[in-house]
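In: from the sequence below, what's the structure:
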Amino acid sequence: MLTLMLGIAMTSRAGEPLDVRVGIDVRGVTSDATQSFLNGGLGRARFDEDHDGLRLGQAYLTARYRLSDTFSLHGDVLAYGDDHGGSVDVTQLYLNFRPFPQGPIRFSSKLGVFYPAFSMENRGPAWTTVYTLTPSAINTWFGEELRAIGLEADVRWLGASADYPGDIGLIAGIYGWNDPIGTEIASRGWALHDRQTGLFGYLPAPSSAGGKIHEFREIDGRPGYYVGAQWRHGDHFDLRVFRYDNRADPAAFQHMYAWLTRFYAVGARFEADEHWTFISQALTGETYIGPRDSWGAEWDMRSWFALASYEYAAWRFSSRYDSFRTQQRHGFGAPLMDDDGHAVTLSAAWTFTREWSAALEWLRVTSTFAARENVELAAQQVEKQVQLAVRYQTRW
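Out: Alright, predicted model coming up:
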């Protein structure tokens, strides 16, 4: 797949129906974090004290091919400089149908593998954030465990028909192959990192669980759904509310158990002027595994963040505060696998040419997770990570 998309990129030309973007960033990293979950530990950062130094942050190729005036094909391939499953993998691949509006109503749809429009941060190519190197805990989790493999429909009222500078949309999706969602957040807790899980990849399970987590798998044959609404006022304000339910049978087993995961997500982005952007997003829900009449276990999930970003000339400065929590209501395990913590992220980015930019980020995560005691770690950990990234991106 990567070879195919690289071949497409090399043959693209301006004015043709193919739009291709490629990017790569190399990072110098210093971290005092405990063993990262990517290396089988319970650390919350992407890089730990044994895996810092010079690293490939990310390489991506994203392509859009216009098949006709109403149909287009989209695909994203990402690569990471590690030896975990899916280090080069497809993260999105879908067909988009976008007919011309009929009066004040516009309809569009997606079919394939894609991220639902839950994120308020990840507006860049290949579902990357444009504000920091590391997304919030909420959007980290979306990148880890959530993907829609199915169909989405978007029906939108266009305010321009009534001289209103905005629109209101209703969005609904039906999907499968996301039954394991909830595994990572329950067994490790919330994390903050920018490594997305590819369609054919996996997440290493924490040392307390062992094994590999293949996120995009159908176990019980029951489709899930999400529904939501979006209100946009010009280019200044964007409000979204979503309900997600994978409708999994938590007692179903096929190489691994399904997880019944449901949540509400609400977020807003306000661009006060040409310099200031403010974003806040919150999520509340639950995840459940196992037969309810025996050893089944259930967790409540909560997280929110607030971000402020200031852009001036070639510079962008951003700060974000994250709060997160999971609480195990009942089930197996002693001590209970509760997670409680917060994080602070500070970032400065400089775009010095059209293709080249640099970013410096400081991340501090404080979390209390009792299950760390099972691997002879203190339940509370304070983990710090600093990244200096040099990035190149271009478009054909």
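In: shaky segments in the stretch 201-350 of the chain?
Out: 207-210, 332-335 (pLDDT under 70).
In: the nearest residue to residue 165 once chain neighbours are set aside and residue 167: what is the separation?
Out: Excluding the flanking residues, the one nearest residue 165 by C-beta to C-beta, 6 or more residues apart in numbering is residue 234, at 4.2 Å. To be clear about C-beta, it is placed using only N, CA and C from the backbone, and glycine gets the same treatment. Note on residue 234: its distance to residue 167, by C-beta to C-beta, to the nearest Å, is 10 Å.
In: re the thing from before, how many other residues sit next to the residue nearest to residue 165?
Out: Taking other C-beta atoms under 10 Å as the criterion, the count of residues near residue 234 is 12.
In: measure it to residue 150 for me?
Out: To residue 150, residue 234 is 32 Å away according to C-beta to C-beta.
In: nearest residue to the middle of this structure?
Out: Residue closest to the mean C-alpha point of the chain, counted by C-alpha atoms, centre = their mean, is residue 143 at 2.8 Å.
In: check whether that one really touches residue 192, as I assumed.
Out: No - at 10.8 Å, residue 143 and residue 192 do not qualify as touching, with contact defined as C-beta atoms under 8 Å.
In: can you list residues touching both of these two?
Out: Residues touching both residue 143 and residue 192 (C-beta atoms under 8 Å, 6 or more residues apart in numbering): residue 135.
In: for residue 183, see how far away residue 226 is.
Out: From residue 226 to residue 183 the distance is 19 Å (C-beta to C-beta).
In: cool, and residue 223?
Out: Residue 223 sits 19 Å away from residue 183, going by C-beta to C-beta.
In: then residue 227?
Out: Distance, residue 227 to residue 183, by C-beta to C-beta: 24 Å.
In: re the thing from before, OK, contacts around the residue nearest to the centre of the chain?
Out: Shown in contact with residue 143 (C-beta under 8 Å, 6+ apart): 122, 127, 135, 194, 195, 196, 197.
In: so which of residue 223 and residue 183 has more stuff around it?
Out: residue 183 (25 against 16).
In: and that one, what does it touch?
Out: 145, 203, 205, 213, 215, 256, 259, 289.
In: now the helices for this structure?
Out: 2-11, 137-145, 183-187 (DSSP state H).
In: let me know the average pLDDT across the second one.
Out: In other words, helix 137-145. Throughout helix 137-145, pLDDT has a mean value of 97.
In: circling back to that earlier point, PyMOL command for the buried members of the contacts of residue 143?
Out: Typed into PyMOL, the line below selects the buried ones among the contacts of residue 143, using 16 or more other C-beta atoms under 10 Å:
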select buried, resi 122+127+135+194+195+196+197
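In: same list, the contacts of residue 143, but as JSON lines with distance to residue 36 please.
Out: As requested, the contacts of residue 143 are exported to JSON lines (distance: C-beta to C-beta, whole Å):
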{"residue": "122", "distance to residue 36": "21"}
{"residue": "127", "distance to residue 36": "21"}
{"residue": "135", "distance to residue 36": "16"}
{"residue": "194", "distance to residue 36": "13"}
{"residue": "195", "distance to residue 36": "10"}
{"residue": "196", "distance to residue 36": "16"}
{"residue": "197", "distance to residue 36": "15"}
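In: so which of the contacts of residue 143 are in strands?
Out: Using DSSP state E, no member of the contacts of residue 143 falls within strands.
In: of the contacts of residue 143, closest to residue 80?
Out: residue 195 (5.9 Å; C-beta to C-beta).
In: distance check, that closest one against residue 352.
Out: Distance from residue 195 to residue 352, by C-beta to C-beta: 26 Å.
In: got it, and residue 319?
Out: 22 Å.
In: one more: residue 343?
Out: 29 Å.
In: now residue 100
Out: 40 Å.
In: with residue 96 instead?
Out: Per C-beta to C-beta, residue 96 is found 34 Å from residue 352.
In: quick one: which of those two has more around it?
Out: residue 96 (19 against 9).
In: what about the residue lying closest to that one once chain neighbours are set aside, neighbour count?
Out: Excluding the flanking residues, the one nearest residue 96 by C-beta to C-beta, 6+ apart is residue 72, at 4.9 Å. Neighbour count of residue 72, defined by other C-beta under 10 Å: 17.
In: before we move on, what about residue 198?
Out: 24.
In: I'd guessed it sits against residue 80; true?
Out: No - with contact defined as C-beta under 8 Å, residue 198 does not count as touching residue 80 (9.2 Å).
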